[in-house]
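K.L.:
Structure of the sequence below:
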Amino acid sequence: MKWLTALAIGAILGFALPLALGGQGGAWMSSFAKWGTIRPLEGSPGLLFSIPLFLASAIGLRVFFNWHSR
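P.N.:
Numbers count the residues shown, from 1 in each chain. Down below sits the predicted model:
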């Protein structure tokens, strides 16, 4: 897997998972997972982006698929 693909999938997960778990009023922001989560658009009521999830999933996908392809 190329870095660009891993980063793109990581960005999608970084936006989708916090929103799927309730957004700003849900389980995501009331647990330890809120650490490193930002609101990219100040006026948006529900858009969240998790930086740790983005980095961990991008690196994890890259490592897994490079290991799996060998």
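
K.L.:
can you count the residues close to residue 28?
P.N.:
For residue 28, the neighbour count with other Cβ atoms under 10 Å is 20. Yep, even glycine has a C-beta here, placed from its N, CA and C like the rest.

K.L.:
hang on, it packs against residue 18?
P.N.:
Yes - assessed by Cβ atoms under 8 Å, residue 28 is found in contact with residue 18 at 4.6 Å.

K.L.:
Let me know the pLDDT of residue 46.
P.N.:
Model confidence at residue 46, given as pLDDT, is 77.

K.L.:
Tell me how many other residues crowd it.
P.N.:
For residue 46, the count of nearby residues is 13 (other Cβ under 10 Å).

K.L.:
dump the residue contacts of it.
P.N.:
Listed by Cβ atoms under 8 Å, 6 or more residues apart in numbering, the contact set of residue 46 reads 19, 23-24.

K.L.:
So which other helices or strands are in contact with the worst-scoring helix or strand of the chain on mean pLDDT?
P.N.:
Across the helices and strands of the chain, the lowest-confidence element by mean pLDDT, DSSP states H and E is strand 37-38, at a mean of 88. With contacts defined as 3 or more Cβ pairs under 8 Å, 6 or more residues apart in numbering; DSSP states H and E, strand 37-38 has these neighbours: strand 49-50.
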